[in-house]
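Colleague: Sequence and computational prediction follow.
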Amino acid sequence: MLTSTILAIQDVVAAMSPEAAQNYLGLLGSGIGFGLTILGAGIGIGMIGSSAAQGIARQPEAAANIQTSSIILAALIEGAALFALVIALLYKLI
């Protein structure tokens, strides 16, 4: 399936003018960057939530510390995801 998608993209780009092809490929690359960024952030935050729930289930007395650490880690992942989205947007603009 991936091979047929790549071949279809190559056919479309070959029929375009160079400026339009560059714009099209820039949009495609930016979209792939956005998708991978959101996917990675979602997986990371999901893993944090899963680990926090397991930790709280094993040691309920440490729930406050685990929740605080989880919130800080989730915020760091969101910051990294936002940075990656900005980079993907700048990639499109260049």
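Modeller: Nice, thanks for sending it over. All values reported here derive from a predicted model rather than from experimental measurement.
Colleague: secondary structure element for the residue nearest in space to the middle of the chain?
Modeller: With distances taken as CA atoms, centre = their mean, the chain has Thr37 as the residue nearest its mean C-alpha position (1.1 Å). Secondary structure from DSSP states H and E places Thr37 in helix 18-58.
Colleague: where does the chain have low pLDDT?
Modeller: The chain contains residues with pLDDT under 70 at 1, 94.
Colleague: that older thread, list the buried residues in the helix or strand just after the helix holding Thr37.
Modeller: Next helix or strand after helix 18-58 toward the C-terminus (DSSP H and E): helix 63-93. Within helix 63-93, the residues that qualify as buried are Ile66, Ser70, Leu73, Ala74, Ile77, Ala81, Ala84, Leu85, Ala88, counting by 16 or more other CB atoms under 10 Å. Where C-beta positions appear, they are placed from N, C-alpha and C, glycine not excepted.
Colleague: If you tally nearby residues, what's the number for the closest residue to the first one other than its chain neighbours?
Modeller: Counting by CB to CB, 6 or more residues apart in numbering, Gly55 is the residue found nearest to Ile66 once chain neighbours are left out, at 4.7 Å. Counted by other CB atoms under 10 Å, the residues lying close to Gly55 total 17.
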